[in-house]
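Peer 1: model the following, please.
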Amino acid sequence: MYSQPLNPDSYMAQVRGTTISENNHIQTIEFVVPIQVSQDAPRHEDLKQMLDSNKDGLKLEAMKRIIGMVAKGRDASDLFPAVVKNVVSANLEVKKLVYVYLVRYAEEQQDLALLSISTFQRALKDPNQLIRACALRVLSSIRVPVIVPIMMLAIKDAVSDMSPYVRKTAAHAIPKLYNLDPEQKEELIQVIEKLLSDKTTLVVGSAVMAFEEVCPERIDLIHKNYRKLCNLLVDVEEWGQVIIINMLTRYARTQFIDPNAGEGLEEKEKPFYEDEQEEPEDADTLSKRPKTMDPDHRLLLRNTKPLLQSRNAAVVLAVAQLYQHIAPRAEVSQVARALVRLLRSHREVQAVVLTNIASMSTRRKGMFEPYLKSFFVRSSDPTHIKALKLEVLTNLATDANISVILREFQTYIGSSDKEFVAATIQAIGRCASNIREVTDTCLSGLVSLLSNRDESVVGESVVVIRKLLQSETVGHKDIISHMARLVDNIKIPMARASILWLLGEYCDKVPKIAPDVLRKMAKTFITEEDIVKLQILTLATKLYLTNPKQTRLLCQYVYNLAKYDTNYDIRDRARLTRALVFPSQGHEDNKLAKHAKKIFLATKPPPVQQSSFKDRDQFQLSTLSHFINARASGYQDLPPFPDDAPDPSVRNVEMPAPVTPVFKSAHQKKKPQKRTRGKAKRKSGGGGRKREASESSESESSSDEESENSESSDEDTKKKKSKEKMSNKSKATQGGGNRTNLDLLLDLDDIPPAMDTPLLTPSLGGLLTPTPTAQPAQPLPPGASIQPASAKFVPTTTHELLNRFTGVGLSVGARFTRSPHLYSPKMTSVELTFTNNGTEEIRDISIGRKKLAPGMSLHEFAGIAVLNADTTLYGTLGVDFNDTTQPAVFDLIAGGRTFSISVTAPIGELMTPLAMSEADFNLNQGKLRGMNELSGTAKLPSEQKNIKALVDHVYEIANLLQVQSSSDNVLKFGGQTVSGKVLVLLSLTVPEETAECSITINCEKMVVSSMLLKELQSALTKD
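Peer 2: The predicted structure is shown next:
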């Protein structure tokens, strides 16, 4: 098969091609071509031998294995010589797979593919349509200018082929030929014109795609095919529908006038008496009056509306953008229900749909307001989906629904996702600035967040409060003073800069606090960030202008520090402000220096907080440019509507005259139709509805089918009357019969879709909700107050499962999130952190063999395809520990290597908190006496005697919830085990005179009680 190798990396491959001469004698031509083969070529020797075999079964098996390699992304180019000679195989299945391989590698191995070009040309005449199409596809994949004439002839022949599949393949080959040789454009336009006139739905989508790639400016080719494309749109394949709708959107923007033009003009009052003469309107007013919609414009909107039912999200988005850009304003809301339905799809689809909804909601709030609850955030949503839903909720905020939205935002603030919490605080600020009725409520809620333990929450709150105080500062002196006291604790540069700006802008309101803050900031000037240094300079300047006696020396000291700073922006700012505040000798009469106070203390306009999606209207909806908010390569702006509508007669198509037998056959069908009408009266209304549906579909057919003679129109009138009678009877017997299939399919409830993921539903009351009036509480029956609750403390400590040395660059950490797992409520959620500390990427990270104890189960995290160098990714693991502390052991497969991982849960992480009353706590504690009760003592250190500190310490140890107790020195906590749902009741008695704490645990599982007691004693006695 192969000759002797020339060197270890080079081989001589022999390619055989079988041809048929003019006298029908079979000839064998042998080519010897040097090719480069990779080092792993010997492992493909078995495939090459199978391809050289005389048995079709072996060849078929070899081709299947090769196509499998290609599908997995493995390089199989070195098998090209062995595969290409089987293109003449008599076995149809082998030949199909060979063509699939050739389409993939024909462009890379052009020289070898050219040697078999005669075989491809003969295959274009093959009786099998699949072989003809495959041959054309391979021929168009050989990007060599020499074969352009051959490709052109093949495409012209394929356009006239009887098989629509071959014609579709010809349409796909046209853009390839155009990219290879743009000079062939004129000839290709003639081919495209012929393809556009094709009436087969399989071909139409590909023909429009070729039109968009080669000659989108030739709009005249669409005129005669416009109505046909509208009528065939429903039956075209999904991706063809997307291409056709996008093309028709651009066509409608150039051929029809704006349907929303002139809606804002008010009609002139008519004279009271008819004999009074009306004032003649000028030409400009007449041109702005709303005009009648073109029937072809209405045809496009009517025929695309059923596609809102499509299962393909791209089709629904295409229809949505069509209605957004060319439909009357009153009809655009019809797409809202379909877009909300897409939010039940995958995350990738959700991101694109929410981006389009966020853009549309900036102009049309009422469009999505009925579906407000569909945009509530779920615990399983990724951060970017949460941010988009926040954007939509903020855009939809009105006076009527702001209380619901703020109550929802209140819950989001407690999330463990810090980026999401920051976005929520910004959304609260936008709502407060846009809706004045809730500004004070939001401001007080944000001020309460300043005492939050999380520094990022405090920092973001400071920035938002600063923007709100710019809008109205009356009566907010206490807020500014409170924020000034936080300067020492806040380390986030933007938050520190915001506090300093507020002190400088409103220094007259806090004349005693501002100089003291400047003194502190002057001490740390050198170590501050650049944005903070600039605000220190501004604060020093404003304080000197308002209180020169007390701050003169301090201001000069700050200027001297800034004079030698490493940042040139700070040096330049200091030089400029010093010249204005402290003019040099001889320049005291400088006009700028005299007006320095007016310059620095001028009234600033409040910041305008608007949606980041407001400027995306410049891009067409549902395009890549709109999604990334930047002009992508190949994007074309949507053309504007014309002032005057072009001639609509260009879309008229002459239809052949009706033949006489057609009318006879229609006339002969009168009697059977009468009999069916008689039967329909005796049956139920179901048949009437079917006829009504068929009549409606007939009424939506193209205008070409509407031209009939007077005899047939009379018949239709009689049929419609009879069908209206039957439909009225069916409506009398069955209610709601006037709803269309589209309304039934897209009917969405107000409640969110049913999913396993729990909604982040807020509780009543809170920092953003006005306090309701107190009402007398009704006594609850025993046990009714016990309800699941959320964790009061979320651990941030990560336990190392695999270090980077053992993992060959891969390190794995685990963190218990104390949140319910989506797969099963019996599972404990464990967040795994995968970090690639090496210099090469790690592929295919997944779980292999599991080694679990009886009764335990494990739900795997989503596999990671690629983990790049210096990158960290996260995965959520679900483990049912069966209420034991036995480790969950499994194999972690990463980059072909296997590592043993062991996850052990502390006893406190195997519980979920329960909210209950003290009466229910005492009732259940009385049932769990005797062997179900375990007691012990712990000696508390001095700092642990504080009740609040002790409660926080218990929250860190165990995932329980405090129960309100009538006794001050008795702390009660309630919860249950994650897997078995067994009650766990904890009581802590802290006497005032001694430092010894009494611990009592009541639980049916003594092992859980014993381990929790030991954990509490060890943690509470530790200093």
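Peer 1: for whichever helix or strand S987 is part of, give the mean pLDDT please.
Peer 2: Using DSSP states H and E, S987 sits in strand 983-989. Averaging pLDDT along strand 983-989 gives 91.
Peer 1: note down every partner strand of it and its orientation.
Peer 2: strand 970-977 (antiparallel), strand 996-1003 (antiparallel) (DSSP bridges).
Peer 1: deepest of the ones you listed, which one?
Peer 2: Highest mean neighbour count of those: strand 970-977, a mean of 22 (counted as mean count of other CB atoms under 10 Å). From N, CA and C alone the C-beta is placed, and that goes for glycine too.
Peer 1: show me how far it is from its chain's centre.
Peer 2: Put simply, strand 970-977 sits 40 Å off its chain's centre (CA atoms, centre = their mean, to the nearest Å).
Peer 1: that one - what's its average pLDDT?
Peer 2: The average pLDDT within strand 970-977 is 92.
Peer 1: send over it as CSV, restricted to the C-alpha atoms.
Peer 2: C-alpha atoms of strand 970-977 as CSV (Å, rounded to 0.1, in the frame of the first residue of the first chain):
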residue,chain,number,x,y,z
VAL,A,970,-32.6,31.1,77.7
LEU,A,971,-31.8,30.9,74.0
LYS,A,972,-33.8,28.5,71.9
PHE,A,973,-33.0,27.3,68.3
GLY,A,974,-35.0,25.0,66.0
GLY,A,975,-34.3,23.0,62.9
GLN,A,976,-34.5,19.6,61.2
THR,A,977,-32.1,17.3,59.5
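Peer 1: what does that strand contact?
Peer 2: The contact list for strand 970-977 (CB atoms under 8 Å, 6 or more residues apart in numbering) reads 786, 883, 910-916, 918, 921, 947, 950-951, 954, 958-963, 965, 982-990, 1005, 1008.
Peer 1: shaky segments in the chain?
Peer 2: By pLDDT under 70, the weakly predicted segments of the chain are 1-43, 262-291, 472-475, 585-589, 654-784, 942-945, 1023.
Peer 1: nearest to the spatial middle of it, which residue is it?
Peer 2: A351 (1.0 Å; CA atoms, centre = their mean).
Peer 1: now name the helix or strand holding that residue.
Peer 2: In this structure, A351 is located in helix 347-361 according to DSSP H and E.
Peer 1: these two touch, right, I845 and T871?
Peer 2: No - look at I845 against T871 with CB atoms under 8 Å: they stay out of range, at 11.7 Å.
Peer 1: so between those two, which is more surrounded?
Peer 2: A direct count of neighbours by other CB atoms under 10 Å for I845 and T871 places I845 higher, at 23 against 13.
Peer 1: wait, N452 sits on E460?
Peer 2: No - N452 is beyond contact range of E460, at 10.0 Å (criterion: CB under 8 Å).
Peer 1: these two: who's more crowded?
Peer 2: E460 (26 against 15).
Peer 1: residue contacts, that one?
Peer 2: Going by CB under 8 Å, 6+ apart, E460 touches 421-422, 425-426, 495.
Peer 1: re earlier: so which of the strands paired with strand 983-989 comes closest to M162?
Peer 2: Comparing these against M162 with CB to CB, the closest turns out to be strand 970-977 (71.2 Å).
Peer 1: quick one, which of the contacts of strand 970-977 are buried?
Peer 2: 786, 883, 910-916, 918, 921, 950, 954, 958-963, 965, 982-990, 1005, 1008 (16 or more other CB atoms under 10 Å).
Peer 1: relative to H44, how far out is the residue nearest to the centre of the chain?
Peer 2: According to CB to CB, to the nearest Å, A351 and H44 sit 42 Å apart.
Peer 1: so which of the contacts of strand 970-977 sit within helices?
Peer 2: 918, 921, 947, 950-951, 954, 1008 (DSSP state H).
Peer 1: out of those residues, flag the one nearest to Q129.
Peer 2: Among the ones in helices among the contacts of strand 970-977, V1008 lies closest to Q129 (CB to CB), at 70.2 Å.
Peer 1: OK, contacts around the closest one?
Peer 2: With contact taken as CB under 8 Å, 6+ apart, V1008 is in contact with 883, 907, 910, 977, 982, 984.
Peer 1: show me which of those is closest to L561.
Peer 2: The closest of the contacts of V1008, once distances to L561 are taken by CB to CB, is I907, at 54.8 Å.
Peer 1: quick one, strands of the stretch 1-150 of the chain?
Peer 2: Taking DSSP state E, counting those that start in this stretch, the strands of the stretch 1-150 of the chain run over residues 10-20, 26-36.
Peer 1: I901 sits in which helix or strand?
Peer 2: Element membership of I901, judged by DSSP H and E, is strand 897-903.
Peer 1: now do that strand: everything it contacts.
Peer 2: Under the criterion CB under 8 Å, 6+ apart, residues 801-802, 806-808, 810, 812, 814, 830, 848, 877, 879, 887-892 lie in contact with strand 897-903.
Peer 1: 10 Å instead?
Peer 2: For strand 897-903, contacts defined as CB atoms under 10 Å, 6 or more residues apart in numbering pick out 799, 801-802, 806-808, 810, 812, 814, 816, 828, 830, 832, 842, 847-849, 851, 858, 877, 879, 881, 887-893.
Peer 1: within the helices and strands, which one has the closest residue to E956 other than its chain neighbours?
Peer 2: Nearest residue to E956, sequence neighbours excluded (CB to CB, 6 or more residues apart in numbering): F793, at 5.6 Å. Applying DSSP H and E as the criterion places F793 outside every helix and strand.
Peer 1: thought F793 was touching T817?
Peer 2: No - with contact defined as CB atoms under 10 Å, F793 does not count as touching T817 (11.5 Å).
Peer 1: now do the domain split for this structure, please.
Peer 2: 45-197, 218-257+295-333, 787-905, 909-1021 (the TED database).
Peer 1: out of those domains, which is closest to E528?
Peer 2: So among the domains of the chain, domain 787-905 is nearest, using CB to CB, at 27.1 Å.
Peer 1: find the nearest non-adjacent residue to Y955, please.
Peer 2: Of all residues not flanking Y955 in the chain, F793 sits nearest, at 3.9 Å (CB to CB, 6+ apart).
Peer 1: nope, V954 is what I was after
Peer 2: In this structure, V954 finds its nearest non-sequential neighbour in F973, 6.2 Å apart by CB to CB, 6+ apart.
Peer 1: could you check how far the one you found is from G930?
Peer 2: F973 sits 21 Å away from G930, going by CB to CB.
Peer 1: distance between stretch 841-848 and the chain's centre?
Peer 2: Relative to the centre of its chain, stretch 841-848 is centred 25 Å away, using CA atoms, centre = their mean.
Peer 1: same check on stretch 559-570?
Peer 2: 45 Å.
Peer 1: what's next to that stretch, contact-wise?
Peer 2: By CB under 10 Å, 6+ apart, the surrounding residues in contact with stretch 559-570 are 522, 525-526, 529-530, 533-534, 536-537, 540-541, 544, 571-575, 577-578, 581-582.
Peer 1: go again using 7 Å as the cut-off
Peer 2: Contact partners of stretch 559-570, identified using CB atoms under 7 Å, 6 or more residues apart in numbering, comprise 525-526, 530, 533-534, 537, 571, 574, 578.
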